[in-house]
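Asker: What shape does this take:
(chains A and B)
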2 protein chains.
Amino acid sequence: MPKNALYAQSGGVTAVINASACGVIDAVRAHPAHFGTCFAARDGILGVLREEIIDLDQEDPLTLAALRHTPGGAFGSCRFDLGDPERDPRQYQRLVEVFRAHDIGYFFYNGGGGSMDTALKVARIGELMGYPITAVGVPKTIDNDLDATDTSPGFGSAAKFIATVVREASLDVESMHTSSTRVFLLEVMGRHAGWLAAAAALAQEYDGQPPMLILFAEVPFDQTDFLRHLHLAIERHGYCVVVVSEGLKEPDGTLFAVAQSHDVYAYTQLGGAAPRLADLIKRETGRKLHWSVVDYIQRAARHLASKVDVEQAYAVGKAAVEGVVAGHRSFMPVIRRQTSVPYRWSIGRVPLERVANIERSMPREFISPDGYGITQACRDYLRPLIDGEDCPPFENGLPCYPRIRGVLRPKRCPEFMIGTD
Amino acid sequence: MPKNALYAQSGGVTAVINASACGVIDAVRAHPAHFGTCFAARDGILGVLREEIIDLDQEDPLTLAALRHTPGGAFGSCRFDLGDPERDPRQYQRLVEVFRAHDIGYFFYNGGGGSMDTALKVARIGELMGYPITAVGVPKTIDNDLDATDTSPGFGSAAKFIATVVREASLDVESMHTSSTRVFLLEVMGRHAGWLAAAAALAQEYDGQPPMLILFAEVPFDQTDFLRHLHLAIERHGYCVVVVSEGLKEPDGTLFAVAQSHDVYAYTQLGGAAPRLADLIKRETGRKLHWSVVDYIQRAARHLASKVDVEQAYAVGKAAVEGVVAGHRSFMPVIRRQTSVPYRWSIGRVPLERVANIERSMPREFISPDGYGITQACRDYLRPLIDGEDCPPFENGLPCYPRIRGVLRPKRCPEFMIGTD
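Answerer: Numbers count the residues shown, from 1 in each chain, chains lettered A, B, ... in the order given. Reported below is the predicted structural model:
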């Protein structure tokens, strides 16, 4: 009898992570000679430790298919790192206990660089604990900071949303600037990498259009220089649209949002670069301004997903399974770009070691010399990733996003205290 | 020779105000026996005072038609109130000077309650200054706070965007809550009226779904009671989604965002209820949270416009012109609801006096007894307003929003100092 497969989601979710789930589930079911049943862990690796294993056979096939157009992590995600197996084997013993109880031989972990470290640790359970398990990563991150892949599913849709709302809100500011708002600030995600901020530049149809200034996580904030550029932009256009990475840093490396905080309670975990920057601009220039923080909205905006992104999300899920069928293990499928115009891509594979715990920043040659915009090379890179629309069905004026039933398999193991519970 | 018509936009713009412009322009051109040429003032009434009159005959008809799907105010808007004509007739003399120079006999002003006051003042120029001018209002406001109309164009699309992103971001929080974010806050516009906050409740498919708590501008903030409800929601659902009006007020009537500010520089004009509330929740509960402020994005989100809203925006523009042809003056077209299910509406008319400077709050019977949700009556009212999609064309992955050329008519009057220039 072939072993069962277990799929799980990890880290910050995206608008298309469930499309990867569909890719995994469909491909597992397409290879009955290789795999037994396909299960999903609830809340990532935590669900394995807690023995919360969702029985996908109890789900309506139409619901599972509809996950392709549903944002969020349908099976629950988690922020949780496994400990060091040498120092504390308890968690690993537990994983083996649960895997064995449900006859699981294949583990597909859908996440970013940190989650690939978890996948790698699970992959090593075989040699460490003598239980044979094939662990494979499925890439996902809106931050686009996974290494070794041309892009990561989730990024293209967030990028499309950001570029769209920047184009739209800029028309609004442009309408108002003569007698009202002169500056509009948009804060986007990206703690260490400015890819999402860079994507805002796609809103431009030609040079000089909004956003006029982008503040990247990679470029230390120079207050005097920024205010000079802001002044120049307002002189030239009458108004200025600024996009700022939540991860913008001071020259000494501290987070801008923290450094600029006059509050008793700092917003370290909460974003806040935009209101801080608004405060600074108001104080220094007296200009009327508006600001926006899109936060989770940018990564959940499935209503505006990139078709390319959805297709790639599904493809990496499918490729993870097909790689296993072809005899590979401990790998993560990656997206490889053949050409940008026309956009052609294929799926490759890298070892999990190659991507675990590695963060990719924007290359310096993607940032314009003045540090406030993107280069043509960056534009050529980003452009195809937002291409095409993949609209979910609407009902009563709103997108339809089904929920799974999430029926758990009966527990067969004793209770286990993770320590964070 | 029939007199020329002048159209202008005023106040905060919307995703569909340009659809009203199309309605006015198309209808004026459809009645050549009644109207001469159709012009547009740049930046609202300011453009009249500055004699910045856009020659619409110089625009590509395809561009003008495409304004129907373009957000922002294509002709520029303004925040500017005319002075008291009795105390300072100078501005009114100037208006007559410009109207006369361009042979303008009809003025269509597209805005909210404040702008209707301007329209009314222009309407009185005839009796005041002896220059015959017909002034008509065209309703617009995302705040839905115009009186005497069932709804105002711009609101339905903003409402649809808010309900959609709440549904989407809630799936995100739901995925993360076991080991990460427990609370998600969304700040929406509405300085004095909670209509947009109420619209977030449309995200619910059944009772108990997010958003669990709505903080209306109309309900004074009770910190203890709110924290108790927040705690209960987290107990029950594991997480809590809160939507807050930017206009939330303390029991003494001061703005919450200002009262809660620990900053040296208060955010009076800048929004900030969400980060303040985040601060409070973090301090009082220690829960991990995320927050978002959509600001201009919610009122510019043409990519997700309500079809009903677009149709009503066009219809009120057209009705303004047709009302004039039928012999009416000094009025504003209003939307009248016949039935909610199925949704049937028609266009009526009210005198400008009936709407100028009047703000409509949410009726108390639309807010649930506990003050944190909406009633079925409110849901029945809101539901049809977000109905249908009206997607703009996309190119290169982004919506196409044309810009007008905006060629000004040659100036015929001397310079004029408004005082704010």
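Asker: How is chain A partitioned into domains?
Answerer: Domain assignment for chain A, taken from automatic domain parsing, gives A:4-140+A:305-358+A:391-399, A:155-303+A:367-386.
Asker: And those, which one averages the lowest pLDDT?
Answerer: Here the lowest mean pLDDT among the domains of chain A goes to domain A:155-303+A:367-386, at a mean of 92.
Asker: Quick check: end-to-end length of it?
Answerer: Start to finish, the residues bounding domain A:155-303+A:367-386 are 9 Å apart (Cα to Cα, to the nearest Å).
Asker: I'd assumed residue A:333 was in a helix, is it?
Answerer: No: the assignment for residue A:333, made by DSSP: H, G, I helix; E, B strand; the rest coil, is strand rather than a helix.
Asker: Assess the claim that it and residue A:349 are in contact.
Answerer: Yes: the criterion here is Cβ atoms under 8 Å, and residue A:333 meets it with residue A:349 at 5.8 Å. Where C-beta positions appear, they are placed from N, C-alpha and C, glycine not excepted.
Asker: okay, those two: which has more neighbours?
Answerer: residue A:333 (27 against 17; other Cβ atoms under 10 Å in any protein chain shown).
Asker: does the closest residue in space to that one that isn't next to it in sequence count as helix, strand or coil?
Answerer: Leaving aside its chain neighbours, residue A:333 sits nearest to residue A:319 (4.0 Å; criterion: Cβ to Cβ, 6 or more residues apart in numbering or on different chains). Three-state assignment for residue A:319 (three-state DSSP): helix.
Asker: The one 10 residues further on too?
Answerer: The local conformation at residue A:329, judged by three-state DSSP, is coil.
Asker: is any part of the helix ranked longest in chain A close to chain B?
Answerer: When chain A is parsed with DSSP state H, its longest helix is helix A:155-176. Yes: counting by Cβ under 8 Å from any Cβ of the partner chain, chain B has neighbours in helix A:155-176: A:160, A:163-165, A:167-176.
Asker: coming back round to it: kindly reformat the domains of chain A as JSON lines containing distance to residue B:129.
Answerer: What follows is the domains of chain A, written out as JSON lines (distance: least, Cβ to Cβ, whole Å):
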{"stretch": "domain A:4-140+A:305-358+A:391-399", "distance to residue B:129": "47"}
{"stretch": "domain A:155-303+A:367-386", "distance to residue B:129": "24"}
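Asker: Pull out the buried residues from stretch A:213-221.
Answerer: Neighbour counts using 16 or more other Cβ atoms under 10 Å in any protein chain shown place A:213-219, A:221 of stretch A:213-221 among the buried residues.
Asker: so of those, which ones are in helices?
Answerer: The helices in this structure, assigned by DSSP H, contain none of the buried residues of stretch A:213-221.
Asker: now, which of these sits nearest residue A:147?
Answerer: When the buried residues of stretch A:213-221 are compared for distance to residue A:147 (Cβ to Cβ), residue A:218 wins out at 15.3 Å.
Asker: show me what contacts that closest one?
Answerer: Going by Cβ atoms under 8 Å, 6 or more residues apart in numbering or on different chains, residue A:218 touches A:193-194, A:361-362, A:364, A:367.
Asker: Do you have the helices of chain A handy? List them.
Answerer: A:17-29, A:45-49, A:61-66, A:90-101, A:113-123, A:125-129, A:155-176, A:195-199, A:223-237, A:256-259, A:273-285, A:296-300, A:307-325, A:376-382.
Asker: Pick the most buried one from these.
Answerer: helix A:195-199 (a mean of 30; mean count of other Cβ atoms under 10 Å in any protein chain shown).
Asker: on contacts alone, who are the packing partners of it?
Answerer: helix A:155-176, strand A:213-215, strand A:240-245, helix A:376-382 (3 or more Cβ pairs under 8 Å, 6 or more residues apart in numbering or on different chains; DSSP states H and E).
Asker: which helices and strands does the shortest one pack with?
Answerer: Taking 3+ Cβ pairs under 8 Å, 6+ apart as contact, the helices and strands that strand A:213-215 lies on are helix A:195-199, helix A:223-237, strand A:240-245.
Asker: who's in contact with that strand?
Answerer: A:194, A:197-198, A:200-201, A:221, A:226, A:229-230, A:233, A:240-245, A:248, A:273, A:277, A:372-374.
Asker: Nearest to residue B:48 among the residues of helix A:155-176 next to chain B?
Answerer: Using Cβ to Cβ, the residues of helix A:155-176 next to chain B come closest to residue B:48 at residue A:175, 16.5 Å.
Asker: Find the residue closest to the closest one in space, skipping its chain neighbours.
Answerer: Closest to residue A:175 by Cβ to Cβ, 6+ apart is residue B:73, at 3.5 Å.
Asker: pretty sure the one you found is touching residue B:7, no?
Answerer: No: Residue B:73 is beyond contact range of residue B:7, at 11.1 Å (criterion: Cβ under 8 Å).
Asker: For these two, indicate the residue with more neighbours.
Answerer: Comparing residue B:73 with residue B:7 by other Cβ under 10 Å, the one with more neighbours is residue B:73, at 29 against 26.
Asker: From residue B:1, how far out is the more buried one?
Answerer: 30 Å (Cβ to Cβ, to the nearest Å).
Asker: what does residue A:193 give?
Answerer: Distance from residue A:193 to residue B:1, by Cβ to Cβ: 64 Å.
Asker: Tell me which of the two has more neighbours.
Answerer: For residue A:193 versus residue B:1, neighbours defined as other Cβ under 10 Å are more numerous around residue A:193 (22 against 5).
Asker: Report pLDDT for the residue nearest to that one when sequence neighbours are not counted.
Answerer: Spatial nearest neighbour of residue A:193, excluding adjacent residues (Cβ to Cβ, 6+ apart): residue A:145 at 4.3 Å. At residue A:145, the model reports a pLDDT of 95.
Asker: hang on, residue A:145 packs against residue A:359?
Answerer: Yes: contact criterion Cβ under 8 Å: residue A:145 and residue A:359 qualify, at 4.7 Å.
Asker: who has more neighbours, those two?
Answerer: residue A:145 (23 against 15).
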